[in-house]
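>>> got a structure for you, letters missing:
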Ligand code: ATP
Ligand code: CA
Ligand code: CA
């Protein structure tokens, strides 16, 4: 919602200055139609970032949620319009299934709006669950 580009830039700025974050490389921004959620939503702006961090995955997700809150995100209905949404897609080749964190992100494989920006910066990265690269998963979408 709002100035989507500014919100992404603010989130990346906060990420870059956070303790435990070494570097952040951002993909281009992709404008896409909303997928799921309530009817009548506007278009989304999506990007993928490659982050080098000394944090463990749980602490990194916590950081993402702090940044979401600082940018003013209020949690309403799932998949509804929001100021910002920061998801953890992959973390090295780790597979995590804990109550608050699933890595790789469980719905990334079916989402063109995730795989396109992700392929731009990490097409050769291997999804540890399927053994396929991000580019292969993207090309296999219907
Ligand atoms: P989706 O998860 O389908 O993209 P969403 O991003 O809108 O939907 P949120 O309301 O932002 O969903 O997050 C719901 C919960 O998902 C969070 O409370 C978080 O604990 C959990 N979660 C589990 N795995 C992840 C992950 N890899 N990245 C981000 N959140 C995750
Ligand atoms: Ca999401
Ligand atoms: Ca999320």
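Yes, it's here. Because the structure is predicted, anything quoted here is derived from the model rather than measured. Ligands and ions are numbered 1, 2, ... in the order given.

>>> Let me see the contact set for the most centrally placed residue in the chain.
Centroid-nearest residue in the chain: residue 87, 3.7 Å away (criterion: Cα atoms, centre = their mean). By Cβ atoms under 8 Å, 6 or more residues apart in numbering, the contact set of residue 87 is 64, 105, 108, 114. In short, each C-beta sits where N, CA and C put it, glycine included.

>>> give me phi/psi at residue 102?
The phi/psi pair for residue 102 (degrees, to the nearest 10) reads phi -120, psi 120.

>>> In this model residue 96 seems to touch it, though I could be wrong.
Yes: look at residue 102 against residue 96 with Cβ atoms under 8 Å: they come within range, at 6.5 Å.

>>> for the residue nearest to the centre of the chain, helix, strand, or coil?
Following DSSP: H, G, I helix; E, B strand; the rest coil, we place residue 87 in the coil state.

>>> List just the nearest of the contacts of residue 87 to residue 131.
Closest approach between the contacts of residue 87 and residue 131, by Cβ to Cβ: residue 108, at 15.2 Å.

>>> pretty sure residue 30 is touching residue 118, no?
No: applying Cβ under 8 Å, one finds residue 30 not in contact with residue 118, separated by 10.3 Å.

>>> So between these two, which is more surrounded?
The neighbour count for residue 30 versus residue 118, taken as other Cβ atoms under 10 Å, is higher for residue 118 (26 against 16).
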